[in-house]
Every structure is written in structure tokens, then in C-alpha cells.
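> Structure here, sequence nowhere to be found:
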């Protein structure tokens, strides 16, 4: 292998992102090939009490091993030992602290797939471990990197006074409430609004959830999760001079390809494009939304100083 090509390890082959990323990295003929790295080693993992995790492991493991030439190992530590950078893709957010803590001492840059964590406490724990071992970490939903969203936010059509983001929001018992798919809309919202939310209130019915966040400067941002009807991601950007709809799917380049490019830049430069404090606030937002979803009352965000 070319010395300039990073050896990338995968932890968790229980998500469709694993074969998707492996193909874009390892196959130069892919229309959205991302150069600079190659997946060489993987730990399959899987959570026995989470059907959407454990049921996927055999098929994705065989595909990644046979189609992309990736060697399987029996521990997450073996992945860290044999690679230059790590993609922690485990779909079960409950395992992220434990798995990251095992590989952090190796000092390799790590991308942690969504959801970063399932509580603000776990999110802060990952951040502390990363700081202790000087490990660059990045975590986000791929929708944050949608090309059309970036173009819309770069326009000079007046200041952004609010945003409404929508998308599918199925529920999974092991990844409670907003954490499973609400993370996508929350990451879109924070890409638009930036950090600074102080309070979240949720209206929930059988088929929909609506979370309303109030920012410290008076702006309001919302995320609407649908379990019926529209299952496409989208956003309304409210400006001082009008409102624009962002079609997340209008650009030919898929958002996951744009995100993978960002991950590769982080692996190569060790420069993290998303401040960890914002990543922690996204998780805190979802945690507060879940609490409001249960109680029906507004919940303040508990952001440590």
C-alpha cells in the first residue's frame, strides 16, 4: 500500500454505513470515491438485544471481507493496533464510551458515527477521554454535510433568524426517543443555528414529534420527526429578508460522500471541523427533548461551564 494512503479501521459492522464507506474508500471506480485512505481492518461487533444491530452483522461482515478485502479481527484494540485512523460505526450508541475508551490510548484519530452518545454524561465522558489521550474526534450525522445545505447557509441574503428541520423519526427502544433518528434533524439544526440553545419543548403524538428550541439570542429552531407521511430530510431557513426551503436531495452528490470527505480531511490533518462542545450540546438538546417528550413541559439545557 502507498505510504500516503491511510490504513483505516472499522469498529461495528452493524450499520449500512460500513459497506457504504468501505466501497467509497476502497473502490477508486466509485462515482464518489474518496481518496487518501483504505479500510484494511474491522471488528464486526453487534448488540444481541438490538435486532437492527445484530441481524445485520453477518451480511455486512461477509460483504466487507469478500468485496473490499478487509481483514476481520476479534477485538477493538486489534483494530487500533493495525491502523492509522478509526471509524467507530457501532450503531448502538450505548457502546460508544466503552469502545472509544479501549482505542483512545493508541492515539489514532477517531470518527464516531451517530449518535455520538445517548446521554450528555456519556458525551462528556468521551470528550474527557479524548482530551486525556490527545485524540482528535469527530461525530455527526451525514445530513449535516449536505451540499445544498452548505450552499444555502453560505448565501448573503440576510441574517438567519431561525430554522425548521424535518425528517423521518422511527423509534427504537434501545436508543430512546430522539436519539435514533432525531439526531439527523438536530445536527442539521445546529449546522444552521450554531450552539446556544437554552430550552427545549416537545409536542408528541403517535405519528409525529415536534421539538422547539429557544436560543440565547431569541432565535427559535425546530425539528419535526415524522413516523407517517413525508420521510425525506429538509429544512426551512428563515432570514431577515425571506424564507428558503433546502432540498437535501437536490444535489447529485450524496451527503454521506461529503461527510466522508470531511472525515478523511480530519484523519489526514488531525484538525476537527466540528467543535466538541457543539457535539456535546447536540446530545444535550436531544436529552432535553426526550425529557420534555415524557413530561410535556419545557426543559432547560444543562450545559456545563
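Okay, I see it. None of these values were measured; they are calculated from a predicted model.
> And stretch 292-305, how far out from the chain middle?
22 Å (C-alpha atoms, centre = their mean, to the nearest Å).
> next one: stretch 259-277
Centroid separation between stretch 259-277 and its chain, computed with C-alpha atoms, centre = their mean, is 12 Å.
> likewise stretch 206-222?
Stretch 206-222 has its average C-alpha position 20 Å from the chain's average C-alpha position, going by C-alpha atoms, centre = their mean.
> Show residues contacting that stretch.
By C-beta atoms under 8 Å, 6 or more residues apart in numbering, the residues outside stretch 206-222 that reach it are 160-165, 169, 178, 182, 189, 192-193, 196-204, 223-229, 285, 289, 292-293. (Glycine included, C-beta is placed from N, CA and C.)
> same deal with stretch 255-271?
If you take C-beta under 8 Å, 6+ apart as the criterion, stretch 255-271 is touched by 6, 8, 17, 20-21, 24-25, 32, 34-37, 84-85, 87, 109, 111, 136, 138, 140, 142-147, 150, 248, 272-273.
> how near is the residue of the chain positioned farthest from its centre to residue 116?
For the chain, the largest distance from the centre (C-alpha atoms, centre = their mean) belongs to residue 241, which lies 31.3 Å off. Distance from residue 241 to residue 116, counting by C-beta to C-beta, to the nearest Å: 35 Å.
> cool, residue 67 as well?
The separation that residue 67 has from residue 116, given C-beta to C-beta, amounts to 29 Å.
> The two - which one has more neighbours?
Neighbours around residue 67 and residue 116, counted as other C-beta atoms under 10 Å, are more numerous at residue 116. The numbers are 28 against 13.
> Report the separation between the more buried one and residue 47.
Per C-beta to C-beta, residue 116 is found 17 Å from residue 47.
> now do residue 199
According to C-beta to C-beta, residue 199 and residue 47 sit 33 Å apart.
> the more surrounded of those two?
Looking at residue 199 and residue 47 with other C-beta under 10 Å, you find the greater number of neighbours at residue 47, namely 18 against 15.
> Where does that one sit: helix, strand or coil?
Here residue 47 is coil, with the state taken from DSSP: H, G, I helix; E, B strand; the rest coil.
> wait, doesn't it sit right on residue 92?
Yes. Contact status for residue 47 versus residue 92: in contact at 4.3 Å, counting by C-beta atoms under 8 Å.
> what do those two both touch?
When contacts are counted by C-beta under 8 Å, 6+ apart, residue 47 and residue 92 are jointly contacted by 14, 53, 174.
> taking those one by one, which sit in helices?
When these are checked against helices using DSSP state H, the ones located there are residue 53.
> Specify which member of the shared contacts of residue 47 and residue 92 is nearest to residue 278.
Nearest to residue 278 among those, counting by C-beta to C-beta, is residue 174 at 25.4 Å.
> got the contact list for that closest one?
Contacts of residue 174 by C-beta under 8 Å, 6+ apart are 47, 49-50, 92, 94.
> 10 Å instead?
Neighbour list for residue 174: 47, 49-53, 91-94, 118, 180 [criterion: C-beta atoms under 10 Å, 6 or more residues apart in numbering].
> Residue 183 now?
By C-beta under 10 Å, 6+ apart, the residues touching residue 183 are 93, 113-116, 139-141, 143-144, 167, 169, 175, 223, 282-283, 285-286.
> now it, what's its secondary structure?
Residue 183 is classified as helix under three-state DSSP.
> how far is stretch 57-68 from where the chain is centred?
Here stretch 57-68 is found 22 Å from its chain centre; the criterion is C-alpha atoms, centre = their mean.
> Over to stretch 12-28?
Taking C-alpha atoms, centre = their mean, one finds the center of stretch 12-28 at 15 Å from the center of the full chain.
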